[in-house]
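Engineer: quick one: sequence plus predicted model below, questions after.
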Amino acid sequence: MSQVTGNAADAGRAGTAPLAAASTIAQSVWVAAFVIALLVPIQIYLGTIRLSFYRVVLLAALVPMMVQLFSAQPIRFRLADGLVVAYALMGAFALFMTDATLAAIGIFAIESTAPYFLARAFVRSSAQFSAMARTLVVCIVLTIPFALYENFTRDPIILTILDTVLPVLQNVPHEQRLGLDRAQVTFDHPILYGVFCAFGVSLAIYATRTRLSVFRGMVVGFAAFLSLSSGAYVAVGLQGLLFLYDFIFQKVRQRWMILAITTAILYAVIEGLSNRTMSQIVLPYLALNPGTAWTRLSVNEWAWTGIMAYPWFGLGFTIFWPAPFWVVTTSIDNFWLAIGFRHGLPSMVLLIASVGAVLWAVIFTRQTDPFVRACRTGFVITFVGLCIAVATVHLWNSTYVAFLFLLGSGMWLTDEQSSDTADDVEASDTKERRGPRYSRDLGPAYRRTLPPGSAPRTSPLDKRTRESL
């Protein structure tokens, strides 16, 4: 009887295996389609509504996403999920209160929730997270030749070619820096191309699982350099410093707590003893053009004045900004302030709380698998760098939805992963890489299964390693 039951169970597992594989492939296809769509500059218009490629993918994925979230593989809803929904609802209501069009309200609501929950639905394991990271890194690397061409010729060649047959994003006029033209490639502005590339630096190092992962991170950082944008440099530089800190102090178990406490103390001391704010001290040194740094500071000051004048719902798209005549630009190069300016303080607080809730849950969820822990480190470093960098740049269109997509892509890390989680990654990478795999701080990340009763062989290297410890 037990043999019959066992055979039935084996048959059931064999029958569900193809379905599980097909589901995994479908999930990877949606993620890859969305990441690739972020780089497509073609614009489709339905009346007055602009449908960029990433919007088309988001709309097409709505039904499969909902099925995945609530039926096929229900997720465990957490505080961060509720905060993201609350942010989208509050921001949409703020636009309604400032007389925005229904199309603008609907687009904001979709772009503020769909990317996040697309990642929640289809990035559910280390294998899927690693596949997403590799797709992002490959897309970034493929843009480098076009960015270099634009640096030297001032011609965004992809936009130029596509513009002959289809409506595309405009070639934004901008100044040269370091004797080169700032690369826009397929984005709305060079700064957005740089920030998009910065999304992939730490993920290339920690989540792609190849021997050349650090080199990949350097190549992605080089792509960000071609934008010649200080905001991108801040994001890449912070991630690089945090990686070096992690590498140097990898044997110090409480290294991140020590760094957080030290940073908080230094910040409090500088703010308390200086007659200038931290942003006034740091920003002129980070900007490629110090003159633009002081312009940004003055714009941010008056943007905050505007927020205080309309604290609940912001100024929307219709209310005139009462900036003084000597503020030479009305472009708010601060993502957090721009959200508060456009949608009010509650929306800004909810967005910051959403990011904080995700990072808190990811950091304090216990993980034992080495690769999962590496993914967690890469994810947290990415967002720490970005959260500081976007205080010097605004995100809109493709980079805005990419930011929220990446935020949701780390939520699988809020569930404890078993030590077998990385098996899928190892299977998918077998052809790409041979030999033993190592985690930077925990030794071999994957070990061969030994026959019952056998003992592992030791080598002189293993002996020397044990003696040194």
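Structural biologist: Perfect, I can see it now. Residues are numbered from 1 along each chain as shown.
Engineer: isn't Thr392 up against Asn334?
Structural biologist: Yes: contact criterion C-beta atoms under 8 Å: Thr392 and Asn334 qualify, at 6.9 Å. Backbone N, C-alpha and C define where each C-beta goes, glycine included.
Engineer: helices along the stretch 101-250 of the chain, start to end?
Structural biologist: Using DSSP state H, counting those that start in this stretch, the helices of the stretch 101-250 of the chain run over 102-122, 126-142, 144-153, 157-162, 190-198, 201-206, 213-225, 230-248.
Engineer: would CSV of those with mean pLDDT, mean neighbour count and distance to Phe70 be doable?
Structural biologist: Shown next, in CSV, are the helices of the stretch 101-250 of the chain (pLDDT from 0 to 100; neighbours: other C-beta atoms under 10 Å; distance: least, C-beta to C-beta, whole Å):
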stretch, mean pLDDT, mean neighbour count, distance to Phe70
helix 102-122, 95, 21, 9
helix 126-142, 95, 22, 19
helix 144-153, 95, 17, 40
helix 157-162, 94, 16, 38
helix 190-198, 95, 29, 31
helix 201-206, 95, 29, 28
helix 213-225, 94, 21, 35
helix 230-248, 93, 21, 35
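Engineer: pull up the gap between the closest residue to Gly378 other than its chain neighbours and Phe122, please.
Structural biologist: Residue nearest to Gly378 in three dimensions, not counting chain neighbours: Tyr206, with 2.8 Å by C-beta to C-beta, 6 or more residues apart in numbering. When distance is defined by C-beta to C-beta, to the nearest Å, Tyr206 is 20 Å away from Phe122.
Engineer: give me the pLDDT value at Ile42.
Structural biologist: Note on Ile42: pLDDT of 92.
Engineer: what is the burial count for it?
Structural biologist: Number of residues near Ile42 (other C-beta atoms under 10 Å) recorded here: 17.
Engineer: one more: Ser298?
Structural biologist: Neighbours of Ser298 using other C-beta under 10 Å come to 15.
Engineer: that one: helix or strand, and which one exactly?
Structural biologist: Assigned by DSSP states H and E, Ser298 belongs to helix 290-309.
Engineer: which one of Thr392 and Asn334 is surrounded by more residues?
Structural biologist: Using other C-beta under 10 Å as the criterion, Thr392 and Asn334 rank with Thr392 on top: 26 against 22.
Engineer: before we move on, the earlier item: output the helices of the stretch 101-250 of the chain as TSV; include the columns distance to Leu38.
Structural biologist: Output for the helices of the stretch 101-250 of the chain, formatted as TSV (distance: least, C-beta to C-beta, whole Å):
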stretch	distance to Leu38
helix 102-122	10
helix 126-142	8
helix 144-153	15
helix 157-162	14
helix 190-198	7
helix 201-206	14
helix 213-225	14
helix 230-248	16
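Engineer: of the ones you listed, which is nearest Ile307?
Structural biologist: helix 102-122 (17.8 Å; C-beta to C-beta).
Engineer: orientation of the closest one relative to helix 126-142 in degrees?
Structural biologist: 120 degrees (axes from the mean of the first three to the mean of the last three C-alpha atoms, to 10 degrees).
Engineer: now for helix 102-122, which elements pack on it?
Structural biologist: helix 2-37, helix 53-67, helix 79-97, helix 398-409 (3 or more C-beta pairs under 8 Å, 6 or more residues apart in numbering; DSSP states H and E).
Engineer: quick one, which of those is nearest to Asp415?
Structural biologist: helix 79-97 (12.8 Å).
Engineer: what comes up buried for that closest one?
Structural biologist: 80-81, 83-88, 90-95 (16 or more other C-beta atoms under 10 Å).
Engineer: again with stretch 52-59
Structural biologist: Buried, per 16+ other C-beta under 10 Å, within stretch 52-59: Ser52, Phe53, Tyr54, Arg55, Val57, Leu58.
Engineer: now do the last one against Tyr116, distance only.
Structural biologist: It stands for Leu58. Distance, Leu58 to Tyr116, using C-beta to C-beta: 11 Å.
Engineer: repeat for the fifth one
Structural biologist: As defined by C-beta to C-beta, Val57 lies at a distance of 14 Å from Tyr116.
Engineer: swap in the fourth one?
Structural biologist: Remark: distance between Arg55 and Tyr116 (C-beta to C-beta) = 15 Å.
Engineer: tell me the secondary structure at Ala268.
Structural biologist: helix (DSSP: H, G, I helix; E, B strand; the rest coil).
Engineer: tell me the pLDDT of it.
Structural biologist: 89.
Engineer: and what of Asp181?
Structural biologist: So Asp181 comes in at 92 (pLDDT).
Engineer: Thr303 touches Phe341, doesn't it?
Structural biologist: For residue 303 the amino acid is Ala, not Thr. Yes: using C-beta under 8 Å, Ala303 is in contact with Phe341, at 5.2 Å.
Engineer: which residues do those two both contact?
Structural biologist: Ile332 (C-beta atoms under 8 Å, 6 or more residues apart in numbering).
Engineer: spit out the contact partners of the residue nearest the centre of the chain.
Structural biologist: The centre of the chain sits closest to Leu406, judged by C-alpha atoms, centre = their mean, with a distance of 3.7 Å. Under the criterion of C-beta under 8 Å, 6+ apart, the neighbours of Leu406 are Ala119, Phe199, Thr382, Phe383.
Engineer: what about it, distance to Ile281?
Structural biologist: Leu406 is 29 Å from Ile281, by C-beta to C-beta.
Engineer: how far does whatever helix or strand Met257 lives in sit from its chain's centre?
Structural biologist: Element membership for Met257 (DSSP H and E) is helix 255-273. The gap between the average C-alpha position of helix 255-273 and the chain average comes to 25 Å, counting by C-alpha atoms, centre = their mean, to the nearest Å.
Engineer: that one - contacts with which helices or strands?
Structural biologist: helix 230-248, helix 278-286.
Engineer: Gln184 against Leu159, yeah?
Structural biologist: Yes: Gln184 is in contact with Leu159 according to C-beta under 8 Å; the separation is 7.4 Å.
Engineer: which residues are common contacts for those two?
Structural biologist: Asn171.
Engineer: give me the neighbour count for Ala303.
Structural biologist: 24.
Engineer: and for the one 3 residues further on?
Structural biologist: Neighbourhood size, Gly306 [other C-beta under 10 Å]: 21.
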